[in-house]
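> Below: sequence and its predicted model.
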Amino acid sequence: MSGRVGPPARSAEPRLIDDVVATIALTLFSITVAVGFARVFNGWDFLDDMIVLCLAGHGSSLALRRLRVSGWIAVPLTAIITVWTIGMIQYRSTYSWMLPTGDTWALFESELEIVRQQFSVAVAPVLYGSGWDVLAAIGLTIAIVLSDAFAFRAFARAEALVPGGVLFVFVGALGTDRLRVASTVLLVIAGVVATMVLRWYHAPAPARGQRSSVGFMIPAAVGITLAVALTAGIVGPRLPGADAAPVYETSGRGSGSGTEVSPLVDIKSRLTNRKNTELFVVDANLESYWRSSSLPLFDGRTWRPPDRELEAPDDTLAPSGQGTVALFQQVRVVELTGTLIPAAADPTAATGPSLLRWDVDSTSLVPADGEDLARGDTFQIESASPRFDPDVLSGATATDAGDPIFLELPDDLPDIVASTAADVTAGSPDAYTAARTLQDWFQGFEYSLEVQPGHGNSAIEGFLRERVGYCEQFAGTYAAMMRTLGIPARVAVGFTSGNQVSPDTFSVLGRHAHAWPEVWFDGIGWVPFEPTPSRGAPGAESHTGLPPEQDTGTPADSEPVAADDDGAPPTTTPASETSDDQALNLPEEDLQEPAEPAADEVAETATDDNSWMLGVLALLAVVAVVAPTALRRTRDRRARQSVDRQLARCWTRALDALEVVGVPRSPYHTPMEAAALTAERFPIAARPIGSLAETLTEATYGIHGTDGFDVAGSYGASRVRDCRNWSRQIERAVNDSVPFSTRLRRYFSSGT
């Protein structure tokens, strides 16, 4: 040891290359956090935007650090730059001179309202859009800003990865099983690399330049990474995922054993999760949509029946009109509960286990005693199935449906609804042409079950902007747009025809739930249209121009498999059974789910499929960890364990702590000079720093050097241990003398 004990003072500013390397490591970790969003979004459309956010956030922070901008200014400015980037990605069309406008804020509020309404019932995967993209970007922005501030402003190492890790776990808890193990392994690898790079970055400048330290860091990092990846590959498939109970259940809960029809609000959960639950069986001479209810009241949040009776020409069943064909049907209940009896429009006669009545509010068949449907209930129904002539419809007016409720719209209906309806139907000479034109316009939209339930004002606005939705949005938006044109309209809910298991028998499952709009024509009645792409009602071809169409599915294991009305892929994530706005006051029931493989079975299968990969990882981990470690221990055992090194470390820790309370540090001070300066500036540490300085001076200039410093004395303590105690006493004195925020920063910046 020389008379100048301890390493030189920490460099005031890291080299540019060091700063860039550390920033790249942390950016890659943030990108792996973004990859975790694959569990809540389908496809990879989101990843480009997330990478741009990571580059903008960490890149701007790097630039501000190189410009020596204070952290109190740089951290908020980094957040502002990243938020600005979100706006440029999501709302560029609303920017003026590359700056957000009032329209930007209005659109942002609208999308957040959509997410707020849908979050409690959302089922992953969700659409990358309609507010979910912005929510994901905000979450990633928070993680980026916090991790960057921890890493480069609070000098943290592994702690800088906590914000991103928390976001990753939160997304995984709400997401599907997609890439569960792969994304976790990737995150762990990136985290290990980022931690080791940050430790190297925050080391004193000479240590960063030591080739030997870097050389051993690389194989150690590779070995640790492979070992952790191996552990994740084995343990990951056995952790709770989409095949197990969710960490946080956001969906509603019921209390029975059947599947209840809750008009419109329960369609999404049926389409995605009840694909193999047979609700009822229909024996009929003709194929048809089976209507359960119609909903005329739109209050801006949901479509529902009104709280009063509408006038009707008959208080028993719907009347038989002109241009109809007789449709005889026998409906046998399997798992369908509630009080609504599905039937082809329009029923003219019906019998069942009890007396039936025609509910005028919802144009539905219901038991007169109000009792719920039960398994095995069978109903004989005759319907006058209408067949509409386009020429007759073209010559009919559409102004008076018998009650103004069929034209009512909420005062706060977004302007985009009326303006879009007017633009699309401009030049239509009659109501029928307008209805067909609007229906055909919707055929250019995209059908997707990733869109969450909702048909209120915010959902309509988002639907028209994104042009993606499923039957609930198509039907509700179509009906609202027709009303803005002064044409009466309502929403019908029920089921498509189902799987045709024999020439006259249709098996209707939960995934056949459907919604469609109906438009009023004077002197004719309610006419169904079909705006949902790839759907077509049987018997309506002449006036809709659409052939009968639905996704039929394929029977499996001699059990009827759902004809997926909306083509949803299988999922095991629970969906909502209820809503805050039930369209009808019906009792809630649990849904009988098809059996799913146990989580441990899935884990075992996944592990078996990846056994070869795990074996390779294990071998690489052994080679990469054991060999370099053994070599390092052989070469550097004495150097790493030397008394000189331990004493120098104690002295460095003491000087690091004293700098926090204003004791200047210089590489040109001898230990005794540093102790004298400490006694002057920070007297409380005078005794331990003096003892430590005397010991270091003796070790440096004494005849015997450090011989015997590591030997325990009469009281069981060695000179080296005394130095460690004095160093800790100085650190404790400093911590007791500074504010909590400074102590927190010292904790994060501690390299020990």
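Yep, it's here.
> give me every residue that touches Ala480.
Ala480 makes contacts with 298, 409, 413, 417, 460, 489, as judged by Cβ atoms under 8 Å, 6 or more residues apart in numbering. Placement of C-beta: from N, CA and C, glycine included.
> Likewise for Ala56?
81-82, 85.
> again, 6 Å this time
Under the criterion of Cβ atoms under 6 Å, 6 or more residues apart in numbering, the neighbours of Ala56 are 82, 85.
> let's number from 681 now, not from 1
New numbering, starting at 681: the last item is Ala736.
> Tell me the helix or strand right after the helix or strand containing it.
According to DSSP states H and E, Ala736 maps onto helix 725-746. Later in the chain than helix 725-746, the nearest helix or strand by DSSP H and E is helix 751-770.
> between that following helix and helix 725-746, how big is the angle?
150 degrees (axes from the mean of the first three to the mean of the last three Cα atoms, to 10 degrees).
> picking that back up, and of the contacts of Ala1160, the nearest to Tyr881?
Tyr881 lies nearest to Ile1140 out of the contacts of Ala1160, by Cβ to Cβ, at 50.8 Å.
> Just want to check the distance between that closest one and Trp983.
Separation of Ile1140 from Trp983 (Cβ to Cβ, to the nearest Å): 11 Å.
> Tell me which of the two has more neighbours.
Taking neighbours as other Cβ atoms under 10 Å, Ile1140 and Trp983 compare with Trp983 leading, 29 against 25.
> Test my guess that that one contacts Leu975.
Yes - at 3.9 Å, Trp983 and Leu975 qualify as touching, with contact defined as Cβ atoms under 6 Å.
> Identify the contacts common to the two.
Common contacts of Trp983 and Leu975, defined by Cβ under 6 Å, 6+ apart, comprise Val1171.
> Show me the domain layout of this protein.
With domains defined by automatic domain parsing, the chain comprises 696-924+1288-1319, 939-1256, 1322-1429.
> any idea which of these is most buried?
domain 939-1256 (a mean of 20; mean count of other Cβ atoms under 10 Å).
> Okay, and the nearest residue to Ala1397 once chain neighbours are set aside sits in which element?
Spatial nearest neighbour of Ala1397, excluding adjacent residues (Cβ to Cβ, 6 or more residues apart in numbering): Asn1405 at 8.0 Å. Taking DSSP H and E as the definition, one finds Asn1405 inside helix 1399-1417.
> Could you export that helix as PDB, CA atoms only?
C-alpha atoms of helix 1399-1417 as PDB (Å, rounded to 0.1, in the frame of the first residue of the first chain):
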ATOM      1  CA  ARG A1399      -7.700  -5.400  13.300                       C
ATOM      2  CA  VAL A1400      -9.500  -6.000  10.100                       C
ATOM      3  CA  ARG A1401     -12.800  -6.600  11.900                       C
ATOM      4  CA  ASP A1402     -12.200  -3.400  14.000                       C
ATOM      5  CA  CYS A1403     -11.900  -1.400  10.700                       C
ATOM      6  CA  ARG A1404     -15.100  -2.800   9.400                       C
ATOM      7  CA  ASN A1405     -16.900  -1.800  12.600                       C
ATOM      8  CA  TRP A1406     -15.400   1.700  12.500                       C
ATOM      9  CA  SER A1407     -16.600   2.000   8.900                       C
ATOM     10  CA  ARG A1408     -20.100   0.900   9.800                       C
ATOM     11  CA  GLN A1409     -20.200   3.400  12.700                       C
ATOM     12  CA  ILE A1410     -19.300   6.200  10.300                       C
ATOM     13  CA  GLU A1411     -22.100   5.100   7.900                       C
ATOM     14  CA  ARG A1412     -24.600   5.000  10.700                       C
ATOM     15  CA  ALA A1413     -23.600   8.400  11.900                       C
ATOM     16  CA  VAL A1414     -24.100   9.800   8.400                       C
ATOM     17  CA  ASN A1415     -27.500   8.100   8.000                       C
ATOM     18  CA  ASP A1416     -28.700   9.600  11.300                       C
ATOM     19  CA  SER A1417     -27.700  13.100  10.200                       C
END
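> for that helix, packing partners?
Counting by 3 or more Cβ pairs under 6 Å, 6 or more residues apart in numbering; DSSP states H and E, the packing neighbours recorded for helix 1399-1417 are helix 1323-1340, helix 1366-1381.
> Tell me which residues are up against the shortest one.
I take that to be helix 1366-1381. So helix 1366-1381 is contacted by 681, 683, 685, 1327, 1331, 1351-1352, 1355, 1358-1359, 1386, 1403, 1406, 1409-1410 (Cβ under 6 Å, 6+ apart).
> Show me the shaky parts of the stretch 831-980 of the chain.
Low-confidence regions of the stretch 831-980 of the chain, defined by pLDDT under 70, span residues 883-956.
> if we can go back for a sec, with mean pLDDT as added columns, please give the helices and strands packed on helix 1399-1417 in JSON lines.
Putting those into JSON lines (pLDDT from 0 to 100) gives the following:
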{"stretch": "helix 1323-1340", "mean pLDDT": "86"}
{"stretch": "helix 1366-1381", "mean pLDDT": "88"}
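> Need the ones you listed in a markdown table (columns: distance to Pro805).
Output for the helices and strands packed on helix 1399-1417, formatted as a markdown table (distance: least, Cβ to Cβ, whole Å):
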| stretch | distance to Pro805 |
| --- | --- |
| helix 1323-1340 | 49 |
| helix 1366-1381 | 60 |
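> Nearest to Thr1028, out of these?
Proximity to Thr1028 (Cβ to Cβ) singles out helix 1323-1340 among the helices and strands packed on helix 1399-1417, at 88.5 Å.
> Can you list the helices and strands that that closest one packs against?
helix 1366-1381, helix 1399-1417.
> Those: which one's closest to Arg695?
helix 1399-1417 (28.6 Å).
> Just the CA trace of the helix or strand containing Leu866, in PDB.
Per DSSP H and E: Leu866 is located in helix 860-882. Extracted in PDB, the C-alpha atoms of helix 860-882 (Å, rounded to 0.1, in the frame of the first residue of the first chain):
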ATOM      1  CA  ARG A 860     -46.000 -17.300 -20.300                       C
ATOM      2  CA  VAL A 861     -42.700 -19.200 -19.900                       C
ATOM      3  CA  ALA A 862     -40.900 -17.700 -22.900                       C
ATOM      4  CA  SER A 863     -41.600 -14.100 -21.900                       C
ATOM      5  CA  THR A 864     -40.600 -14.700 -18.300                       C
ATOM      6  CA  VAL A 865     -37.300 -16.300 -19.300                       C
ATOM      7  CA  LEU A 866     -36.600 -13.400 -21.600                       C
ATOM      8  CA  LEU A 867     -37.400 -10.900 -18.800                       C
ATOM      9  CA  VAL A 868     -35.100 -12.800 -16.400                       C
ATOM     10  CA  ILE A 869     -32.200 -12.800 -18.900                       C
ATOM     11  CA  ALA A 870     -32.600  -9.100 -19.600                       C
ATOM     12  CA  GLY A 871     -32.800  -8.400 -15.900                       C
ATOM     13  CA  VAL A 872     -29.600 -10.300 -15.000                       C
ATOM     14  CA  VAL A 873     -27.700  -8.600 -17.800                       C
ATOM     15  CA  ALA A 874     -29.000  -5.100 -16.900                       C
ATOM     16  CA  THR A 875     -28.200  -5.600 -13.200                       C
ATOM     17  CA  MET A 876     -24.600  -6.600 -13.900                       C
ATOM     18  CA  VAL A 877     -24.100  -3.800 -16.400                       C
ATOM     19  CA  LEU A 878     -25.500  -1.300 -13.900                       C
ATOM     20  CA  ARG A 879     -23.100  -2.600 -11.100                       C
ATOM     21  CA  TRP A 880     -20.200  -2.200 -13.500                       C
ATOM     22  CA  TYR A 881     -21.400   1.200 -14.500                       C
ATOM     23  CA  HIS A 882     -21.700   2.400 -10.900                       C
END
